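J.: one predicted model, sequence on top.
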There are 2 protein chains.
Amino acid sequence: MNNQNVLLEKFKQAKYPIGGNGKRNIQTLKDAFSNVAGDIESDVYGKGMLIEKFQEKIADYLGMESSVFFPSGTMAQQIALRIWCDEKQLNKVAYHPLCHLEIHEEDGLKELHHIQPVLLADQTRLIELEDVMGMEEEIACLLLELPQREIGGQLPEYETLEKIAAYCRDKGIMLHLDGARLFEILPYYQKTAAEVCSLFDSVYVSFYKGIGGIAGAILAGTKEFTEKSKVWKRRHGGDLISLYPYIISADYYFDKRVDKMDEYYQQAKELAVLFNQCSHVSTLPEVPVSNMFHVHIHMTKNKLEPLLLEVYDETGIGITSYLNESEKGICSFELSIGDQYAAIPKELLSSAFEKLDQKLKGKAYS
Amino acid sequence: MNNQNVLLEKFKQAKYPIGGNGKRNIQTLKDAFSNVAGDIESDVYGKGMLIEKFQEKIADYLGMESSVFFPSGTMAQQIALRIWCDEKQLNKVAYHPLCHLEIHEEDGLKELHHIQPVLLADQTRLIELEDVMGMEEEIACLLLELPQREIGGQLPEYETLEKIAAYCRDKGIMLHLDGARLFEILPYYQKTAAEVCSLFDSVYVSFYKGIGGIAGAILAGTKEFTEKSKVWKRRHGGDLISLYPYIISADYYFDKRVDKMDEYYQQAKELAVLFNQCSHVSTLPEVPVSNMFHVHIHMTKNKLEPLLLEVYDETGIGITSYLNESEKGICSFELSIGDQYAAIPKELLSSAFEKLDQKLKGKAYS
């Protein structure tokens, strides 16, 4: 067992993991189905009460005319961009260099849809109005990810969003929202989902980030748009005979957690303070704007890992299951606050961070 | 409620449906999960014990080196053909005109992969060795569907399969098996799955046909082939964070039903005799070669439907939930035998078919 596995295993055994909604295990499904009657009919190839009702419910929540349930966001978003490119007869879109489609999808957008991306801004910062206005290429669609996950979950000013939306509308550029974590940002913006979505032509949301479902996504837009997306869903092999295992769990955890996002957000800010008080530690963003942030520790993995393991052992608190190490020897990891944070006794948490701070100080000069 | 809906509703209410494994409802999932421990960890993006063990189990059963679990056969098969086309640098494949990819997938193969099909044989018959040898176009891959579902689930002679396989191997044509109903044909061929699969370079099997799971498919081949398929699975949006709802149910129903295929096959033959004894009725094939067949009744829908409803009412036996009507006024429907057939009292079944025969005779001359 190498160190990475030790960290993962010890994290799994920790009594108090600070992030997340709980273990990703079969119980997630069992809980969601425990009060569902066995004689409820399956959805069948995208039709039936079970899927249609959920699609209507989420479309209403997002303030969009129509929505379609997809097995994955990868599928939903490629399809959204394809529809806009076909409509504009222009195979070019713009997004951030750390967009999910650019770094996590094995180039599906290019290999399956032959759509070329224009990369806006850079890997260290958000897309701003100037980036959009300064684009030389003509594009069919601009994708904005809110929050920008790979840089710690940062958000533009709401006014910036409104200006970008107005500019795109003016220029005939379709605006698509990668809202994998849309529910999580509403407390910061102090907006409803419908208010945010009204700036966009199409919207994708996920049910296994803050919501904590099993898998699955919704793609929303006009009725005309979602009808087209159903054809592409079948082409992609996503129009399964039954999607109810994901739909029922998405619905269950949506109801359970969608109103807890402000709590998670407040807790994330509280936790970020604790991290930032430790030597050699900083969070990105310094003050979180959702339930998530990244932690950067200026120490090599070899030095840091044993020290984290000590904290887990001494306090029962699990901070992270992994460490990414940069070429410069800086470690980082992501945290998303969910149900588990509230279960940690406050004194234990303070004590864990005091220990962490002391150990980091000691190690740095060893 | 139009007539089609009456037939569907009355069929659903019938005490004894003659086909299938039971209603497609939530109980299918509940049964599969009732004895599964909640603390079993989810698969995570195609990795983890849960998915890997099932993939190994099915690869072994099929006698293939490796296998990958997919959310759908649509996705698995397009990807198989894409891999072979890329390998041969030739975007052409051959299959039957009623192949699933040609008629049920909104042209995904063409729209996403730009692969052109050559259609072999015609809509009334199977692909024979002569069709393959007579092809003028060069192709990367030949897809054979066993049994050919849309013509009642017919099968070529096993010797024909062997000859086609030998020919393809000789000509450097990859041979892919659409084995959506592979388990169902083994009793007729008196072969193991591994023996049939040894003729093919890649194999797809489904877990919600005779097996009766919720959804899901396996694509099998060499390790090199399946590794490539995983990259495409991610591109398609099929590499879900959790596929366990389908995997656990596929595994459960595979164990429950894979050895019952001979029973279903014998029952299908028995049932086809009952149909063929009725006036104006014939089955395709006349003698089934799997658990499935099509029923053709030489009567218009308007005449036939009320008559079927009478039989359902008088006997509690549900024969079909729908009728397709041809331009010539011939009705047809598909039957696949599963667990439900054995539950019907034999005398009741005989009586239902006597009634059906009498009603058909009476109606034909009315």
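T.: Here it is on my side, so go on.

J.: skip the chain neighbours and tell me the closest residue to the residue of the stretch 201-350 of chain A found nearest chain B.
T.: For the stretch 201-350 of chain A and chain B, the shortest gap (CB to the nearest CB) falls at A:Gly237, measuring 2.7 Å. Quick note: C-beta positions are derived from backbone N, CA and C, even for glycine. Excluding its sequence neighbours, the residue lying closest to A:Gly237 (CB to CB, 6 or more residues apart in numbering or on different chains) is B:Met75, at 2.7 Å.

J.: next, the angle from the helix or strand containing that neighbour to helix A:73-88.
T.: Element membership of B:Met75, judged by DSSP states H and E, is helix B:73-88. Angle, helix B:73-88 to helix A:73-88, by axes from the mean of the first three to the mean of the last three CA atoms, to 10 degrees: 70 degrees.

J.: picking that back up, tally of neighbours for the residue nearest to A:Gly237?
T.: 29 (other CB atoms under 10 Å in any protein chain shown).

J.: over to A:Lys223?
T.: 12.

J.: same thing with A:Ser326?
T.: Neighbours of A:Ser326 (other CB under 10 Å): 12.

J.: quick one, what contacts it?
T.: A:Ser332 (CB atoms under 8 Å, 6 or more residues apart in numbering or on different chains).

J.: what parts of the stretch 101-250 of chain A come near chain B?
T.: A:105-108, A:111-113, A:208, A:214-215, A:231-232, A:234-246, A:248 (CB under 8 Å from any CB of the partner chain).

J.: just the residues you listed: which are in helices?
T.: Among these, the ones falling in helices (DSSP state H) are A:108, A:111-113, A:231-232, A:234-236, A:244-246, A:248.

J.: out of the residues you listed, grab the one that's most surrounded.
T.: That'd be A:His236 among these, by other CB under 10 Å, with 34 neighbours.

J.: touching, it and B:His236? I think so.
T.: Yes - contact criterion CB atoms under 8 Å: A:His236 and B:His236 qualify, at 5.3 Å.

J.: could you name every residue contacting both of the two?
T.: Residues touching both A:His236 and B:His236 by CB under 8 Å, 6+ apart: A:75, B:75.

J.: gap between stretch A:337-347 and the chain center?
T.: Offset of stretch A:337-347 from its chain centre (CA atoms, centre = their mean, to the nearest Å): 20 Å.

J.: measure that stretch end to end?
T.: 18 Å (CA to CA, to the nearest Å).

J.: contacts made by that stretch with the rest, please.
T.: A:16-22, A:210, A:212, A:257, A:260, A:263-265, A:267-268, A:271, A:291-292, A:317.

J.: in the stretch 251-366 of chain A, which spans are strands?
T.: Counting by DSSP state E, counting those that start in this stretch, the stretch 251-366 of chain A has these strands, from start to end: A:281-284, A:292-297, A:317-318, A:324-325, A:331-336.

J.: quick one: strands adjacent to the second one?
T.: So the one you mean is strand A:292-297. strand A:281-284 (antiparallel), strand A:331-336 (antiparallel) (DSSP bridges).

J.: ok, and what's touching the longest one?
T.: Spelled out, it's strand A:331-336. A:18-20, A:149, A:152, A:209-210, A:268, A:271, A:291-297, A:299-301, A:304, A:319-320, A:322-326.

J.: one more: the first one?
T.: Where contact means CB under 8 Å, 6+ apart, the residues beyond strand A:281-284 that reach it are A:151-152, A:154, A:272, A:275-276, A:293-298, A:360.

J.: hmm, back to that, the helix holding B:Met75: how far from the chain's middle?
T.: That offset, for helix B:73-88, works out to 19 Å (CA atoms, centre = their mean).

J.: and it, what's buried?
T.: B:73-85, B:88 (16 or more other CB atoms under 10 Å in any protein chain shown).

J.: also stretch A:310-320?
T.: Those would be A:311-312, A:315-320, for stretch A:310-320 by 16+ other CB under 10 Å.

J.: anything in that stretch near chain B?
T.: No - taking CB under 8 Å from any CB as the criterion, stretch A:310-320 and chain B are apart, separated by no less than 15.6 Å.

J.: could you check which residue of the stretch 51-200 of chain A lies nearest chain B?
T.: A:Met75 (2.7 Å).

J.: in this structure the residue nearest to A:Gly237 contacts B:His236, no?
T.: Yes - contact criterion CB under 8 Å: B:Met75 and B:His236 qualify, at 5.1 Å.

J.: intersection of neighbour lists for those two?
T.: A:236-238.

J.: about what we covered before: mean pLDDT for the strands of the stretch 251-366 of chain A - can I get that in JSON lines?
T.: As requested, the strands of the stretch 251-366 of chain A are exported to JSON lines (pLDDT from 0 to 100):
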{"stretch": "strand A:281-284", "mean pLDDT": "98"}
{"stretch": "strand A:292-297", "mean pLDDT": "98"}
{"stretch": "strand A:317-318", "mean pLDDT": "98"}
{"stretch": "strand A:324-325", "mean pLDDT": "97"}
{"stretch": "strand A:331-336", "mean pLDDT": "98"}
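
J.: so which of those strands is nearest B:Ala220?
T.: strand A:324-325 (34.7 Å; CB to CB).

J.: what about the helices in the stretch 151-300 of chain A?
T.: Taking DSSP state H, counting those that start in this stretch to define them, one finds helices in the stretch 151-300 of chain A at A:158-171, A:182-189, A:193-197, A:223-236, A:244-257, A:261-276.

J.: how about those helices in CSV, adding distance to B:Gly46 and mean pLDDT?
T.: CSV is the format used below for these (distance: least, CB to CB, whole Å; pLDDT from 0 to 100):
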stretch, distance to B:Gly46, mean pLDDT
helix A:158-171, 35, 98
helix A:182-189, 26, 98
helix A:193-197, 31, 98
helix A:223-236, 17, 98
helix A:244-257, 16, 98
helix A:261-276, 28, 98
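
J.: which one of the ones you listed lies nearest to B:Tyr167?
T.: helix A:223-236 (31.5 Å).

J.: mind listing residues that contact the closest one?
T.: Against helix A:223-236 from outside (CB under 8 Å, 6+ apart): A:46, A:65-68, A:70, A:75-76, A:78-80, A:82-83, A:201-202, A:219-221, A:239, B:74-75, B:105-108, B:111-112, B:236-238.

J.: low-confidence stretches in chain A?
T.: Filtered on pLDDT under 70, chain A yields the residue ranges A:1-4, A:365-366.

J.: now with 50, please.
T.: Low-confidence segments of chain A (pLDDT under 50): A:1.

J.: quick one, domains of it?
T.: Domain segmentation of chain A under automatic domain parsing yields A:3-23+A:260-364, A:43-241.

J.: so where's the longest helix in chain A?
T.: Per DSSP H, chain A has its longest helix at helix A:346-364.

J.: run the angle between it and strand A:292-297 for me.
T.: Interaxial angle of helix A:346-364 relative to strand A:292-297 (the same axes, to 10 degrees): 40 degrees.

J.: run a quick neighbour tally on the closest residue to A:Val68 other than its chain neighbours.
T.: Distance criterion CB to CB, 6+ apart; nearest residue to A:Val68, sequence neighbours excluded, is A:Thr226 at 4.8 Å. Residues near A:Thr226, counting by other CB under 10 Å, number 23.

J.: for A:Ala80, see how far away A:Thr226 is.
T.: For A:Thr226, the distance to A:Ala80 equals 10 Å [CB to CB, to the nearest Å].

J.: shared neighbours, the two?
T.: A:Leu219.

J.: give me the number of residues near A:Ala343?
T.: Neighbours around A:Ala343, by other CB under 10 Å: 11.

J.: kindly report the same for the one 4 residues further on.
T.: The local packing of A:Glu347 (other CB under 10 Å) involves 8 other residues.

J.: look up how far A:Leu274 lies from it.
T.: Using CB to CB, we find A:Glu347 at a distance of 13 Å from A:Leu274.

J.: same check, this time on A:Glu354
T.: 10 Å.

J.: comparing those two, which residue is more hemmed in?
T.: A:Leu274 (18 against 14).

J.: what's near enough to touch that one?
T.: So A:Leu274 contacts A:349-350, A:353 (CB under 8 Å, 6+ apart).
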